[in-house]
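Enquirer: sequence first, predicted model second:
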Amino acid sequence: MDHHFSEQELDRIIEMAWEDRTPFEAIEYQFGISEKEVIKIMRAELKRSSFNLWRKRVNSGVSQKHAKKRHPGIDRFKCSRQRSISGNKISKR
């Protein structure tokens, strides 16, 4: 599936992907893209060295990118301090 994201959406996807505590499932839930598609975006948008560093971290087990590997008590996708987002637009408080 070929998605066309705005620059703002791409920035958010990259930010979520870079954050170790945000699982791929959260990105898929919010943006409708698979882990494979996230990896393609990261490869295209990051410098090669940054991409390699990210992939190494994700695959090392340090990251909690896969919800199945997360601690059972961690069941939410976002930090309590994060603004709520609906339809990819940041809602006003």
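Expert: Perfect, thanks for sending it. Numbering: from 1, shown residues only.
Enquirer: thought Phe31 was touching Glu9, still the case?
Expert: Yes - under the criterion of C-beta atoms under 8 Å, Glu9 makes contact with Phe31 at 6.9 Å. Using the backbone N, CA and C atoms, a C-beta is placed for each residue, glycine as well.
Enquirer: would you point out the helix or strand in the chain whose mean pLDDT is lowest?
Expert: strand 85-86 (a mean of 50; mean pLDDT, DSSP states H and E).
Enquirer: quick revisit: out of Glu9 and Phe31, which sits in the busier spot?
Expert: Phe31 (18 against 14; other C-beta atoms under 10 Å).
Enquirer: burial of the nearest residue to the more buried one once chain neighbours are set aside, as a residue count?
Expert: Nearest residue to Phe31, sequence neighbours excluded (C-beta to C-beta, 6 or more residues apart in numbering): Ile13, at 5.9 Å. Ile13: 21 surrounding residues under other C-beta under 10 Å.
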